[in-house]
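Q: Provided below for reference: sequence and predicted model.
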Amino acid sequence: MDGSSYKPETPLEGEIIEALKKIRNKEGRKQPTFVRIQLQFPKANRAFKKVKKVFRDLDLDQDESLSLQEINEAVKTLGGTATEKELKDLFDTADADGGGDLDFKEFVVFLCVCSLLGHLKEDDCNLNTAFDCVVNAFSVFDTPNHGIIVLSELDDAMNGAGIDVMAERMKEMDNDGDGYVTFPEFLLAFMCWVGSDDDSDDDSDEDE
C-alpha cells in the first residue's frame, strides 16, 4: 500500500490532493520539522479562536452549527468565489459525521479547504497562520508528497519527540480501516493537538 496507488473517492478530494502537492512543490519551499511546527501551536490556537468568533457570529439561530444555507451566506459575507455546486461539495466534505450541518471544527475544515482551493481571500478569518501551520504539519507526515497520509509509511516521519503519539491518534481516526488519512481528517486531529477542541476557551484571547 502506498500513496501513489490511492484513488480519491470524489473529484473534490482529488483537487485537494493536487493542491497540497502543488504547495509542497513550490520553488524555494523548505520542508519544515515537526519541532518547529510545535512552536507555532499557541499562535495557531489563537487564530482558531478568532475563527470561532466568526462561527458564532454566523450562527444566527445559536444552535452551535451551521446549515448549508448559513454557509452560503457566510461565504458571500467573506467574499468567497465558489459556485453553489462547489459549496455543496465543500460542505459535504467538511460534514465529517454526515449530520447535515457543520459544527465549529467542521467549519474550520470547510474554510481551510476553501482557502486551499482558492475560493477565499487569503486574509479572511485570520486563518492564514493556522492554515499554514496545518499544511506544514501535514507535509511532515506525508513525506513522499502523496497529498494523503499513508499510515504504513508513518515510521519514516518518526524523527521528532511526540510524533509517535500523534501518529497513534491518527491511526485511531482510520475508521474504515483503509490505511489512509485525508487532509480534512488530519485537520480535525490537528485542532485537538493545538488545543482548539476545548469548548471552554476564553474569547478574551481574541484581541491578542
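A: Arrived safely.
Q: the nearest residue to Leu188 once chain neighbours are set aside: neighbouring residues, count only.
A: Nearest residue to Leu188, sequence neighbours excluded (C-beta to C-beta, 6 or more residues apart in numbering): Lys105, at 5.7 Å. C-beta coordinates here come from the backbone N, C-alpha and C atoms, glycine included. Using other C-beta atoms under 10 Å, Lys105 has 20 other residues around it.
Q: any idea which helix or strand carries Lys105?
A: helix 104-116 (DSSP states H and E).
Q: how much space separates the residue nearest the centre of the chain from Gly28?
A: Nearest residue to the geometric centre of the chain (C-alpha atoms, centre = their mean): Leu187, 3.4 Å. Distance check for Leu187 against Gly28: by C-beta to C-beta, to the nearest Å, it reads 25 Å.
Q: okay, Phe186: pLDDT?
A: Here the pLDDT value assigned to Phe186 is 88.
Q: wait, a strand at it?
A: No: Phe186 is assigned helix when assessed by DSSP: H, G, I helix; E, B strand; the rest coil, not a strand.
Q: endpoints of stretch 84-103, how far apart?
A: End-to-end distance of stretch 84-103 (C-alpha to C-alpha, to the nearest Å): 20 Å.
Q: what's next to that stretch, contact-wise?
A: Identification of contacts with stretch 84-103 by C-beta atoms under 8 Å, 6 or more residues apart in numbering yields 10-13, 16, 64-68, 71-72, 75, 80, 82, 106-107, 109-110, 113-114, 117, 119, 184-185, 188.
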